[in-house]
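[1] Okay, here's the prediction I keep looking at, along with the sequence it came from:
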Amino acid sequence: MQFIADLHIHSRFSRATSRDMDIPTIAAAAKTKGIKLVATGDFTHPEYLKSLKQQLKPTGAGLFTFDDTHFILNVELNGIYSAGGRLRRIHNMVFVPSFETADRLTAWLDGYGKLASDGRPTLSLSSYDLLAKLLEIDRRAFLVPAHIWTPWFSLYGSNSGFDSIEECFGDLSREIFAVETGLSSDPPMNWRLSALDNRTLISDSDAHSPARLGREANVLDCELTYDAIRDVLKTKDRKRFLYTIEFFPEEGKYHYDGHRACGVSFAPAQSLVNDNLCPVCGRQLTIGVLHRVEQLADRKQEDAPADVIPYKHLVPLEEIIGEALGVGRDTGQVRKLYESMVAAFGSEFDILLRSPILDIERNANDRVALGIDRMRRGEVQATAGYDGVFGVVQVLPGAPPTPAARDAEPGTQMGLFG
């Protein structure tokens, strides 16, 4: 069956996360978005784990359900440790097929940090040792490095990461068969590293509130079982992994280099001219994702391999509605129209991916329809994010398209399709 999966979120027990991030609310939001499978997040938190056991019903196939939404047991772990003479800060996602495995892993991790203090716990534990123990506990469990380019907490992070998967995971590198690209990069940027050719690129929301679910996601066509999903990721099966749903990477908050305190945002070439220093205060710039990709890339964009998984760039519907109405995305006006559109079309992803533009125009308004049409064509204007500041993607600047263009079939803007 074909379904959308968001494999990285957080519960209300993680810091800086909405109190609404509990299982019933997450399940309802996933249904509104059109997401069938969601990661639980945060299963190492003792109170949250207790609620998961009470609220989730096992399917018998390594997944769990609440109402019509499926869940996969998952947690993001923040490892802080020294390696190679440097302090490393790495976020890794762990997936397990049962509460038994979750319990065994949690009991072991309890010796490395305070699990009750944060749903994404900070642990004095290397990525290598974490993976080794995980596989010892359950060979069906797997680890996915999270948002691999984020400067401060990731595998390739410019400030605390490594230059290769092998440097981080050593002789267990072969066990890393998937990586998460993060909001500030998209697949073409990652294709520039040959080291990722044999690994599956996944994209997820890292949502801290229900409204942010699915801002990035994965579209799969396989059995809705833990083992099938794991196998799709392990084999990079393009017949079953149809495409990823992506932010325009400029919207991510670490795409460009910069210094937030001084309002300085630089493309990589500008940073190099300035010796990677802020021209206002003279301090080191935060080196962003685009720059870091340039540092590690061993091929040009046009030399991407042929067997990559396709992708679609989308803009969240609430952002499009907010721009069309000239108000913020989290206002009552936006919520009212959003709910009306979802009721008419079925889900947010039905609207963004499949609904005919003329139907959207008739059921919403012409500016929202125009924004969605331009998004599908990639006709956007982007201001890149930097140093923790989200970028801005506009879908409505410029002249309106011709009627013929507006009446075209949806879904024409897709990388490597058609």
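    Yes, it's here.

[2] Ile72 and Ala28: what is the separation?
    Distance, Ile72 to Ala28, by CB to CB, to the nearest Å: 18 Å. C-beta here means a position set from N, CA and C on the backbone, and glycine is covered the same way.

[3] Compare neighbour counts for those two and give me the winner.
    Remark: of Ile72 and Ala28, Ile72 carries more neighbours, 19 against 16, as counted by other CB atoms under 10 Å.

[4] Quick check: the gap between the more buried one and Ser209.
    Remark: distance between Ile72 and Ser209 (CB to CB) = 20 Å.

[5] now the nearest residue to Pro210 once chain neighbours are set aside, what's its secondary structure?
    Distances taken as CB to CB, 6 or more residues apart in numbering put Ala29 closest to Pro210, at 3.7 Å, once the chain neighbours are dropped. Under DSSP: H, G, I helix; E, B strand; the rest coil, Ala29 falls in the helix class.

[6] And for Ala29, the neighbour number?
    23.

[7] What residues does it make contact with?
    Contact analysis of Ala29 by CB atoms under 8 Å, 6 or more residues apart in numbering lists 210-211, 213.

[8] Looking at neighbours, which among those residues is most surrounded?
    Leu213 (22 neighbours).

[9] quick one, what contacts that one?
    Counted by CB under 8 Å, 6+ apart, Leu213 has contacts 6, 9, 26, 29-30, 33, 35, 38, 205, 207.

[10] what's the spacing between it and Cys168?
    29 Å.

[11] how about the longest strand along the chain as PDB, C-alpha atoms only?
    Identified as the longest strand of the chain according to DSSP state E is strand 69-83. The C-alpha trace of strand 69-83 is given here as PDB (Å, rounded to 0.1, in the frame of the first residue of the first chain):
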ATOM      1  CA  THR A  69      -2.700   6.200  12.600                       C
ATOM      2  CA  HIS A  70       0.200   3.800  12.700                       C
ATOM      3  CA  PHE A  71       3.300   4.400  14.900                       C
ATOM      4  CA  ILE A  72       6.800   3.100  14.900                       C
ATOM      5  CA  LEU A  73       8.800   3.200  18.100                       C
ATOM      6  CA  ASN A  74      11.600   5.700  17.800                       C
ATOM      7  CA  VAL A  75      13.800   8.100  19.800                       C
ATOM      8  CA  GLU A  76      16.400  10.700  19.000                       C
ATOM      9  CA  LEU A  77      19.500  10.600  21.200                       C
ATOM     10  CA  ASN A  78      21.900  13.400  21.800                       C
ATOM     11  CA  GLY A  79      25.400  12.000  22.200                       C
ATOM     12  CA  ILE A  80      28.100  14.300  23.600                       C
ATOM     13  CA  TYR A  81      31.600  12.700  23.700                       C
ATOM     14  CA  SER A  82      35.200  13.200  22.800                       C
ATOM     15  CA  ALA A  83      36.700  11.500  19.700                       C
END
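
[12] tell me the mean pLDDT over the helix or strand following it?
    Using DSSP states H and E, the next helix or strand after strand 69-83 towards the C-terminus is strand 86-96. Averaged across strand 86-96, the pLDDT comes to 98.

[13] Send me stretch 195-205 as PDB with only the CA atoms.
    Taking C-alpha atoms only, stretch 195-205 is exported to PDB below (Å, rounded to 0.1, in the frame of the first residue of the first chain):
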ATOM      1  CA  ALA A 195      29.800   8.200   0.300                       C
ATOM      2  CA  LEU A 196      25.900   8.400   0.400                       C
ATOM      3  CA  ASP A 197      25.300   6.600  -2.900                       C
ATOM      4  CA  ASN A 198      24.600   3.300  -1.200                       C
ATOM      5  CA  ARG A 199      22.500   4.800   1.600                       C
ATOM      6  CA  THR A 200      18.900   5.800   1.600                       C
ATOM      7  CA  LEU A 201      18.100   9.500   2.100                       C
ATOM      8  CA  ILE A 202      15.100  10.100   4.300                       C
ATOM      9  CA  SER A 203      13.300  13.300   5.100                       C
ATOM     10  CA  ASP A 204      11.200  14.000   8.200                       C
ATOM     11  CA  SER A 205       9.600  16.900  10.000                       C
END
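
[14] Buried residues, that stretch. List them.
    195-196, 199-205 (16 or more other CB atoms under 10 Å).

[15] that older thread, between strand 86-96 and the longest strand of the chain, find me the angle.
    Angle, strand 69-83 to strand 86-96, by axes from the mean of the first three to the mean of the last three CA atoms, to 10 degrees: 160 degrees.

[16] which helices and strands does strand 69-83 pack with?
    Applying 3 or more CB pairs under 8 Å, 6 or more residues apart in numbering; DSSP states H and E, we find strand 69-83 packed against helix 23-33, strand 37-39, strand 64-66, strand 86-96, helix 99-109, strand 122-123, helix 127-137.

[17] what sits up against the fifth one?
    Among residues not part of helix 99-109, those counted as contacts by CB under 8 Å, 6+ apart are 43-44, 46, 49, 52-53, 73, 77, 94, 96, 115, 121, 123, 125, 133-134, 137-138, 140-141.

[18] Now do the contacts for the residue lying closest to Ser160 once chain neighbours are set aside.
    In this structure, Ser160 finds its nearest non-sequential neighbour in Arg89, 4.0 Å apart by CB to CB, 6+ apart. By CB under 8 Å, 6+ apart, Arg89 lies in contact with 78-80, 152-153, 157, 159-161.

[19] rerun that using 7 Å as the cut-off
    80, 152-153, 160 (CB atoms under 7 Å, 6 or more residues apart in numbering).

[20] swap in Ser154?
    Ser154 sits next to 90-91, 145-148, 161 when contact means CB under 7 Å, 6+ apart.

[21] If you count neighbours, what's buried in whichever strand or helix holds Arg362?
    Using DSSP H and E, Arg362 falls within helix 357-363. For helix 357-363, a neighbour-count test (16+ other CB under 10 Å) marks 357, 360-361, 363 as buried.

[22] Averaged pLDDT, it. What do you get?
    The average pLDDT for helix 357-363 rounds to 95.

[23] Let me know the closest of the contacts of Ser154 to Gly84.
    Gly161 (11.1 Å; CB to CB).

[24] what's the burial count for the closest one?
    Neighbours of Gly161 (other CB under 10 Å): 25.

[25] how close does Asp303 sit to Leu193?
    For Asp303, the distance to Leu193 - CB to CB - is 11 Å.
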